[in-house]
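**Q** Have a look at this fold, sequence not included:
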């Protein structure tokens, strides 16, 4: 089916609206991740030494902005290019970090659920099934690109080295 112009507009418009409330949304996003999967706390260096999500943690805010922005950018690229295109260095970094942290398939689903719930709460009455589907598709495409990079890095690291 592809990513429609309407889906792109829904993601872009809602992102524009949410940008004005990133500190609160980032806190809500991570609170939801930890409600869904409490053990995930140890995967984030900025949450490890805290019993709760720190309200004024700049790393938390920065990380949430990156997740939201990458998802939104992914949506735009789906329309323009038909696929998610993340710069090679960014994608390699994301793949490496996700491998290092031990991220597996269920973790992507937790983040997706937290992301969709955060957007739903932020958008209030503007939230719709169409908006949910648009954000879900954008996130799924981004997650697929990260997982593909993780697989590529894992495959490369398992290759025997060539003799000197």
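**A** Nice, thanks for sending it over. What you are looking at is a predicted structure, and each value in this text was computed from that prediction instead of being measured.

**Q** Any buried residues in the strand or helix carrying residue 110, and which?
**A** Element membership for residue 110, per DSSP states H and E: helix 105-123. Within helix 105-123, the residues that count as buried by 16 or more other Cβ atoms under 10 Å are 107-108, 110-120, 122-123. (C-beta placed from N, C-alpha, C; glycine too.)

**Q** Against which helices or strands is whatever helix or strand comes next after that helix packed?
**A** Next along the chain after helix 105-123, taking DSSP H and E as the criterion, comes helix 129-157. Applying 3 or more Cβ pairs under 8 Å, 6 or more residues apart in numbering; DSSP states H and E, we find helix 129-157 packed against helix 5-18, helix 58-81, helix 88-100, helix 105-123.

**Q** any chance of the ones you listed in a markdown table, with distance to residue 146 and mean pLDDT too?
**A** As requested, the helices and strands packed on helix 129-157 are arranged in a markdown table below (distance: least, Cβ to Cβ, whole Å; pLDDT from 0 to 100):
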| stretch | distance to residue 146 | mean pLDDT |
| --- | --- | --- |
| helix 5-18 | 18 | 88 |
| helix 58-81 | 9 | 72 |
| helix 88-100 | 5 | 71 |
| helix 105-123 | 8 | 92 |
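
**Q** export those to CSV and tack on distance to residue 153?
**A** Formatted as CSV, these follow (distance: least, Cβ to Cβ, whole Å):
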stretch, distance to residue 153
helix 5-18, 28
helix 58-81, 18
helix 88-100, 5
helix 105-123, 16
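
**Q** Out of those, the one nearest residue 39 is which?
**A** Nearest to residue 39, of all these, is helix 105-123, at 9.9 Å by Cβ to Cβ.
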